[in-house]
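# turn this into a model:
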Amino acid sequence: MPHALWSGAISFGLVTIPTKIISATEDHSIRFRQVHLADMGRVRTRKECSIDGETVTQDEIGKGYELSKDDLVPITDQELDAMPLPTAKAIEIVAFVEADSIDPVRIGDSYYLGADGDVAKKPYTLLRKALERSDKVAVAKFAWHGRERLGLLRVREGAIVLHSMHWPDEIRSPESLAPKAVELDDDEIERAVQLTETMATDDITQFRDRYRDALEELIEAKAEDKVLPEPDEGGQQQDSGKVMDLMAALNASVKAAKEGRGEAGADATVHEMKPRKKAAKKSAARKGPAKKTAAKKRNAS
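From the prediction side, this is the model:
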């Protein structure tokens, strides 16, 4: 079982639940070391004092807050632990909200909360059942890694999960990033919607880290002095400066999606995939000359 990252208690009104935080995810990234290319010797990072130039050990290193360039205030771990903060050793639930009211952008790392000892079993189960039956999630505050944090508690497969959350003022506004209003044809929007339906799935467990697979293959080839794998030209991106033919790209995308699913009629274009009902309406609209010339453009942002 993974080691506990933090031990404390969940404060649920007047209910206290001894708990421990366990990471809910694993990092499978392949890591490299810095080396001297001439002889492949490892390049190490030395921790040196800026005053006497001496290399210092970990037990000689402490924390200091920089008031100015030449003025540092030392802060010890004991002083941090003694701060009068209610959430120092507690995950204090402050509210219950609907799950869909939380902006996903605010959610950060995820951790499992385990019941810490027999005394925690009943209150832990009580909180879990309350969350399940109410269909709500809990918003909590807790102190960890030198700061007070906001968290979100929900249930996953019988266990309570803690998601760290960003404070509201930590979220940047995307207002300046979105493009200004542009004209899109109704057919283009309709085809894009049809593409989303073609690519829809209820199972995302099928996806895997292809970059990591390719990196492992490269490392194996280098280690065993084999021929290096050929580059995959299929992943080349289109020139960002080139104007894209949206209609052609959408039709090609639908065809590729259908072929990937092994569906019949993969050669059909988006035009042929239109529902009969909508096609009938458009056909009827062409009877009148005034409607035939009606504008089909609308603004989309």
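
# can you show me the strands along the stretch 51-200 of the chain?
Secondary structure of the stretch 51-200 of the chain by DSSP state E, counting those that start in this stretch: the strands cover 63-68, 71-75, 90-98, 107-115, 136-144, 147-156, 159-165, 182-185.

# put together TSV for the ones you listed, with mean neighbour count on each row.
C-beta coordinates here come from the backbone N, C-alpha and C atoms, glycine included. Below are those laid out as TSV (neighbours: other C-beta atoms under 10 Å):
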stretch	mean neighbour count
strand 63-68	10
strand 71-75	10
strand 90-98	15
strand 107-115	18
strand 136-144	20
strand 147-156	17
strand 159-165	20
strand 182-185	12
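
# so which of these gets nearest residue 209?
Put simply, out of these the one that sits nearest residue 209 is strand 107-115, at 17.9 Å, with distance taken as C-beta to C-beta.

# who does the closest one pair with, and is each partner parallel or antiparallel?
Strand 107-115 has the following strand partners under DSSP bridges: strand 15-23 (antiparallel), strand 159-165 (antiparallel).

# mind putting the strands of the stretch 51-200 of the chain into TSV with mean pLDDT and distance to residue 174?
Output for the strands of the stretch 51-200 of the chain, formatted as TSV (pLDDT from 0 to 100; distance: least, C-beta to C-beta, whole Å):
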stretch	mean pLDDT	distance to residue 174
strand 63-68	89	33
strand 71-75	89	36
strand 90-98	93	23
strand 107-115	93	16
strand 136-144	92	23
strand 147-156	92	20
strand 159-165	95	18
strand 182-185	82	17
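
# and residue 122, which of the ones you listed is closest to it?
Proximity to residue 122, assessed across the strands of the stretch 51-200 of the chain by C-beta to C-beta, is greatest for strand 107-115 (9.2 Å).

# apart from its neighbours in sequence, what residue is nearest the residue minimising distance to the centre of the chain?
Centroid check for the chain by C-alpha atoms, centre = their mean gives residue 108 as the closest residue, at 7.2 Å. Spatial nearest neighbour of residue 108, chain neighbours left out: residue 164 (4.1 Å); criterion: C-beta to C-beta, 6 or more residues apart in numbering.

# where does this protein dip in pLDDT?
Scanning the chain for pLDDT under 70 picks out 1, 84-88, 232-244, 263-301.

# roughly how far is the lengthiest helix in the chain from the heart of the chain?
What stands out as the longest helix in the chain, according to DSSP state H, is helix 246-261. In terms of C-alpha atoms, centre = their mean, to the nearest Å, the gap separating the centre of helix 246-261 from the centre of its chain is 27 Å.

# who's in contact with residue 43?
Contact partners of residue 43, counting by C-beta atoms under 8 Å, 6 or more residues apart in numbering, are 33-36.

# returning to that earlier point: in TSV: the strands paired with strand 107-115, plus distance to residue 144.
As requested, the strands paired with strand 107-115 are arranged in TSV below (distance: least, C-beta to C-beta, whole Å):
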stretch	distance to residue 144
strand 15-23	8
strand 159-165	8
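
# can you tell me which of the ones you listed comes nearest to residue 186?
Ranked by C-beta to C-beta, the member of the strands paired with strand 107-115 that lies closest to residue 186 is strand 159-165, at 39.1 Å.

# now do the closest one against strand 136-144, angle only.
60 degrees (axes from the mean of the first three to the mean of the last three C-alpha atoms, to 10 degrees).

# need the residues that contact strand 159-165.
Counting by C-beta under 8 Å, 6+ apart, residues outside strand 159-165 touching it are 10, 19, 21, 24, 91, 102, 106-114, 124, 127-128, 131, 139-140, 149-155.

# before we move on, the earlier item: for residue 221, find the nearest of the strands of the stretch 51-200 of the chain.
strand 107-115 (34.1 Å).

# tell me the angle the closest one makes with strand 90-98.
Here strand 107-115 runs at 120 degrees with respect to strand 90-98, directions being taken by the same axes, to 10 degrees.

# can you check what angle separates strand 107-115 from strand 147-156?
70 degrees.

# output strand 107-115 as PDB, nothing but the C-alphas.
Below are the C-alpha coordinates for strand 107-115, written out as PDB (Å, rounded to 0.1, in the frame of the first residue of the first chain):
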ATOM      1  CA  ILE A 107      -9.600  21.100  -9.700                       C
ATOM      2  CA  GLY A 108      -6.000  20.100  -9.100                       C
ATOM      3  CA  ASP A 109      -4.300  16.900  -7.800                       C
ATOM      4  CA  SER A 110      -6.300  14.000  -6.400                       C
ATOM      5  CA  TYR A 111      -5.800  12.000  -3.200                       C
ATOM      6  CA  TYR A 112      -7.500   9.200  -1.500                       C
ATOM      7  CA  LEU A 113      -8.600   9.700   2.100                       C
ATOM      8  CA  GLY A 114      -8.200   6.500   4.100                       C
ATOM      9  CA  ALA A 115      -9.800   5.700   7.500                       C
END
